[in-house]
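Student: Return atomic coordinates for the entry below.
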Amino acid sequence: MFSVSAINVSYPGKDLFKNVSFVINQRDRIGLTGKNGSGKTTLLNIIARLKSPDSGTIVIPESKTLGYLPQELKIKSNKNIYEETLTAFEEVTKLEKEIDDLNHFISQHHDVHSDLYLKSLEHLNQKYDRYNYLDGNKKENSLEKVLKGLGFKEDDFKRNVSEFSGGWQMRIELAKILLKKPDLLLLDEPTNHLDIESILWLEDFLINYSGAVVIVSHDKMFIDNICKRTLEIVFGKIYDYPVKFSDFLVIRNERYESQLATARNQGKFIEQQEKFIKRFKAKSTKARQVQSKMKMLDKIEKIELDVFDTSTIRFFFPNAPKSGKVVVEAEQLCKNFDKIQVLKDINFVIEQFDRVAFVGRNGEGKSTLVKVMVGEENFTGILKPGYNVEIGYYAQIQERSLDENKTVLSTLEDIAGQEWNNTKIRSLLGAFLFKEEDTDKKVKVLSGGEKSRLALAKLLLKPTNFLILDEPTNHLDFSAKEVLKKALLSYKGTLVIVSHDREFLRGLTNKTFEFRDNKIKEYIGGIDEFLEKHKVVTFREFEQIKKTASIQQIKDGVSKTESKNKFIQKKENERDFKKIKNELKKCENEVSETEKKINEIELLMQTPEFYVDHGIAKGISENHNQLKKHLEKLLGKWEEIHNRFDAFDRNSL
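Tutor: Residues are numbered from 1 along each chain as shown. Presented below is the predicted three-dimensional model:
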């Protein structure tokens, strides 16, 4: 068990953490959530002992190990991928030597009953247990499995690490961490640089992982499928929910509504008692009652509502001069990196007001084409920009567009036009949640989410009619993603967006370019239409379709028998009808029992004594709300069962 106890962290003008405590159990799967800048990355750094809190303790048992994948990492290595990943087995190599030494010692020691001999055997067994846990005898197989799972091909293994982009280098680091099998995995936005197939593999790996996992991610589906516990950071405090993220959102809102309802009821009750006291305070005949009510009010514990961080970015893209009808056109466009061909004979036209989604696996050329379009990469073939096209570009990796040695304020000042004075720039930064004290921070100390917000702010300094956004949601929290989507929906120009986030893309685009096998295939319609054409519901199914194709072929070849035994069918119908009757009876009983409990609580809530003990009142009020919601579900269930009961074919019995 890992323990975080009474952690406090303060910066000038801000308390980041105030007396934060929680434990991480052996098989925990925890989703760590909170607004950008709330301290998620800082908390992971503190747990990993890369940073020290102002006060408080982190307890990591001596025998336990920890692995941490940060949001950003630069690997300096002269090794190839295989050699670099093999460094993850340093402990295995050390264990092999220790096992050899112990075996040699035991073979030379003839007193098999001595304490030294017995202790050596015990140590040897411990070393073997650890060695087997780390799959030491099949490390090459494990290495290959993890690298391929994270998207590397066997041909990549001998390529130098320096040949790969930062995103692919992050995959190498992730592979090394997973192969070390630490007792606690801390993963900060692990899906930012992964494609869907790799996300699926990682998801399955983490679900079955033997240790504990703490994940920061804005990929709702990813954390929902893995994590069964949610820790929320709000204004320096931790709220712990033993449920997955989507359930946490529901429970948090229900809890707040319950608190609000209880607080209102308590307020009305207190107001009534205070009116009585004020009215009869001077009357001697009511003195005893007045004193009783005053004492009762003194005992009442005022209900405190949970505090939620409702701040969010706010902006819209400025209008820009109209471009020509054709915004950009490509003919026979090719792009190679040395001998590796990424794009081959690409032809496409993007017209004014088109809204295009670039989709496909990593490495298929989406970001490469984006860089070609904005002039960051050379190419062969033809790429013709249209008339009066003004491009606004958001890079996937913010180091490409932000100077880390500049301050937040100077980042905007250096590119702002004359119409942007200092006051207006500071106001713009405020709209992106940068406080006055944040403006003098260096870019290099900002979190991933803060860098993303700063890069978005840059886009507003110059009117553009062609926005190109490469994975803009990677570091944005859930509310910021919603604000960005609303701004893009009202944007009056042409849009190209690279994203794996189907929820974000829905309703945002009217064309889809699929990147596969060095080519582009164009689909008319948004992301839902694109997926429908592939007869799938989610990106995950789209990426898995080739795996299921062969199964479907087998199914299509299997003939179904048309004749069935009438007696067996009749018995099955009777059993089904009996099952529906039992379901209906059980549901009716549950409805009656729930209504009875609700009535009992409502009678109790009408008494003054109910509000004396805040803790009990709060619990009963929450139970009352839950029962009412449960009753609504039961009535819906009863209606559904009753419809099936009425529709059942009695002639088949």
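Student: Every contact and neighbour count from this point should use C-alpha atoms.
Tutor: Noted.
Student: okay, now Ile340: neighbour count?
Tutor: For Ile340, the count of nearby residues is 8 (other C-alpha atoms under 10 Å).
Student: Would you mind naming the residues that bridge with it?
Tutor: Per DSSP bridges, residues listed as beta-bridge partners of Ile340: Phe337.
Student: Show the contacting residues for the closest residue to Ile520 other than its chain neighbours.
Tutor: By the measure of C-alpha to C-alpha, 6 or more residues apart in numbering, the closest residue to Ile520 outside its immediate chain neighbours is Glu514, 5.5 Å from it. If you count contacts by C-alpha atoms under 8 Å, 6 or more residues apart in numbering, Glu514 has them with Phe358, Val359, Gly360, Ile520, Lys521, Glu522, Tyr523.
Student: of all these, which two lie farthest apart?
Tutor: The span of these, defined through C-alpha to C-alpha, is set by Gly360 and Tyr523 at 13.0 Å.
Student: and the least confident of the contacts of Glu514?
Tutor: When the contacts of Glu514 are compared on pLDDT, Gly360 comes out least confident, at 82.
Student: Assign a three-state SS to the nearest residue to that residue once chain neighbours are set aside, would you?
Tutor: Spatially, and ignoring its direct neighbours in sequence, Gly360 is nearest to Phe515 (5.1 Å; C-alpha to C-alpha, 6+ apart). Following DSSP: H, G, I helix; E, B strand; the rest coil, the label given to Phe515 is strand.
Student: give me every residue that touches Phe515.
Tutor: Going by C-alpha under 8 Å, 6+ apart, Phe515 touches Phe358, Val359, Gly360, Arg361, Glu364, Gly365, Lys366, Lys521.
Student: that older thread, out of Gly360 and Tyr523, which sits in the busier spot?
Tutor: Between Gly360 and Tyr523, counting by other C-alpha under 10 Å, Gly360 is the more crowded of the two (22 against 17).
Student: residue contacts, that one?
Tutor: The neighbourhood of Gly360, defined by C-alpha under 8 Å, 6+ apart, consists of Asp195, Lys366, Glu514, Phe515, Arg516.
Student: I'd like to know how far the second one sits from Asp195.
Tutor: Counting by C-alpha to C-alpha, to the nearest Å, the gap between Lys366 and Asp195 amounts to 12 Å.
Student: Pull out the buried residues from the helix or strand hosting Val370.
Tutor: Here Val370 sits within helix 366-373, counting by DSSP states H and E. Of the residues in helix 366-373, those scored as buried under the neighbour-count criterion (16 or more other C-alpha atoms under 10 Å) are Lys366, Ser367, Thr368, Leu369, Val370, Lys371, Met373.
Student: phi, psi of the nearest residue to the second one once chain neighbours are set aside?
Tutor: Right, the one you point to is Ser367. If the residues on either side of it in the chain are set aside, Ser367 comes closest to Asp470, at 6.8 Å by C-alpha to C-alpha, 6+ apart. The phi and psi values for Asp470, taken as degrees, to the nearest 10, are phi -110, psi 110.
Student: Contact partners for Asp470?
Tutor: Contacts here follow C-alpha under 8 Å, 6+ apart; on that basis Asp470 touches Ser367, Val370, Tyr394, Ala395, Gln396, Ile497, Val498, Ser499.
Student: re the thing from before, please check the contacts of Glu514 and keep the buried ones.
Tutor: Phe358, Val359, Gly360, Ile520, Glu522, Tyr523.
Student: So which of those residues are in strands?
Tutor: In this view, the buried ones among the contacts of Glu514 that belong to strands under DSSP state E are Phe358, Val359, Ile520, Glu522, Tyr523.
Student: my guess is the last one meets Leu531, correct?
Tutor: Spelled out, it's Tyr523. No - with contact taken as C-alpha atoms under 8 Å, Tyr523 and Leu531 are classed as non-touching, separated by 10.0 Å.
Student: ok, Ile616 - how many residues close by?
Tutor: Neighbourhood size, Ile616 [other C-alpha under 10 Å]: 12.
Student: So Asp613 versus Gly67, what's the distance?
Tutor: Taking C-alpha to C-alpha as the criterion, Asp613 is separated from Gly67 by 46 Å.
Student: Comparing these two, which shows the higher neighbour count?
Tutor: In terms of neighbours (other C-alpha under 10 Å), Gly67 is the more surrounded of Asp613 and Gly67; the figures are 19 against 14.
Student: Return the distance of the more buried one relative to Ala261.
Tutor: Noted for Gly67: a distance of 44 Å to Ala261, by C-alpha to C-alpha.
Student: which secondary element of this structure has the worst mean pLDDT?
Tutor: Scoring the helices and strands of the chain by mean pLDDT, DSSP states H and E places helix 539-556 at the bottom, with a mean of 53.
Student: by contact count, what packs against the helix or strand following it?
Tutor: Past helix 539-556, further along toward the C-terminus, the next helix or strand under DSSP H and E is helix 566-605. In terms of contacts (3 or more C-alpha pairs under 8 Å, 6 or more residues apart in numbering; DSSP states H and E), helix 566-605 is packed against helix 614-647.
Student: buried stuff in the helix it packs on?
Tutor: Residues of helix 614-647 classed as buried: 614, 617-618, 620-627, 631, 634, 637-638, 641-642, 645 (neighbour count, 16+ other C-alpha under 10 Å).
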